[in-house]
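Peer 1: got a sequence here, can you model it:
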Amino acid sequence: MTAIPPGTTELRGFLQLAELFDCLDDVVVWVKDREGRYRWVNRAFLLNHAFGVGAAEAGPHAREVVGKTDYEVSPPFLADQFRMDDEYVLGGRRIVDRIELVGQPDGRTVWSMTNKIPLYDGRGEVVATAGLTRKLAEPDAAVATLSGLGPVLAFLRDHFAEPITNARLAAIAHMSVRAFERRFQDELHTTPQKYLRRLRIRLAARALVTTRQSLAEIAAACGFADQSHFTREFGRWFGRTPREYRAHYSRRDGPVPNAGVEAQDP
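Peer 2: Take a look at the predicted model:
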């Protein structure tokens, strides 16, 4: 745990119960200000980012994170994605039950579910963002989410590379297609197909940076019809081609420019 730095009195009310999150070893929790600087992180965050926290209290180590941005604690390609998320949430929107691969201190990646929300002051203005990422349990039946769409999200996680229709997802949810689409939109604030496209794009972005697979191989592995389809969808999200994205992060020379409209709906 860490004290809230001076000058962030607006956040004090939000963090009165924050110490409870230090009791959760498999849930990473954080609060960031409008500039993307960390203002509070839990013990699991420190462990996940390998800040040297063992059985001892997290306080001294948390001070190594507080005041820093993602560009100081994460690889550039992830920091850029995190900043895109922050800008989306600072607009008063939420990211709900998003499935993604999250890196671990030992180098592995694990399927996790992420939620991000805006934090408001007494005047109703967004003053910060808060996020929570937790590892998905196995087997699939154990995936429990606030939205109640756990089996559907688990299916998307395990079959994202396959053609998936709303009718197939509705059958998994034991609902009619119309009722399922309404429920998905209401609970996750996006459509099932947009959710699936975002999952594929984010996995492809990670593969571009962390593997030497060809663009055609990544396109096939991430569920795109072909390399051309992959390039079009990727460009809508990141504002550059997959080849440009890979070259950019192999140089590690700075953040991605502001993405287009499509990037505003994670």
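Peer 1: where does pLDDT dip in the stretch 1-150 of the chain?
Peer 2: Applying pLDDT under 70 to the stretch 1-150 of the chain flags the ranges 1-16, 50-63, 104-107, 137-148.
Peer 1: can you pull out the strands in it?
Peer 2: Listed from the start of the chain, the stretch 1-150 of the chain has strands (DSSP state E, counting those that start in this stretch) covering 27-33, 38-41, 95-103, 109-120, 126-135.
Peer 1: so of the ones you listed, which one's packed in deepest?
Peer 2: Here the criterion is mean neighbour count by mean count of other C-beta atoms under 10 Å, and of the strands of the stretch 1-150 of the chain the winner is strand 38-41, at a mean of 25. C-beta coordinates here come from the backbone N, C-alpha and C atoms, glycine included.
Peer 1: go ahead and flag the most central residue of this protein.
Peer 2: Computing the C-alpha centroid of the chain and ranking residues by C-alpha atoms, centre = their mean puts residue 114 first, at 5.0 Å.
Peer 1: and the gap between that residue and residue 167?
Peer 2: 27 Å (C-beta to C-beta, to the nearest Å).
Peer 1: quick one: the helices in the stretch 51-200 of the chain?
Peer 2: Listed from the start of the chain, the stretch 51-200 of the chain has helices (DSSP state H, counting those that start in this stretch) covering 59-62, 70-73, 76-90, 150-159, 166-172, 177-188, 192-210.
Peer 1: against which helices or strands is the second one packed?
Peer 2: What it means is helix 70-73. Secondary structure elements in contact with helix 70-73, counted by 3 or more C-beta pairs under 8 Å, 6 or more residues apart in numbering; DSSP states H and E, are helix 76-90.
Peer 1: now the helix it packs on, how far from the centre of its chain.
Peer 2: The gap between the average C-alpha position of helix 76-90 and the chain average comes to 9 Å, counting by C-alpha atoms, centre = their mean, to the nearest Å.
Peer 1: by contact count, what packs against it?
Peer 2: Contacting helix 76-90 under the criterion 3+ C-beta pairs under 8 Å, 6+ apart are the following elements: helix 70-73, strand 95-103, strand 109-120, strand 126-135, helix 192-210, helix 242-251.
Peer 1: tell me which of the ones you listed lies nearest to residue 181.
Peer 2: The minimum distance between residue 181 and the helices and strands packed on helix 76-90 falls on helix 192-210, with 6.7 Å, by C-beta to C-beta.
Peer 1: buried set for the helix or strand just after the closest one?
Peer 2: On the C-terminal side of helix 192-210, the nearest following helix or strand under DSSP states H and E is helix 215-221. For helix 215-221, the neighbour count (16 or more other C-beta atoms under 10 Å) marks 215, 218, 219, 220, 221 as buried.
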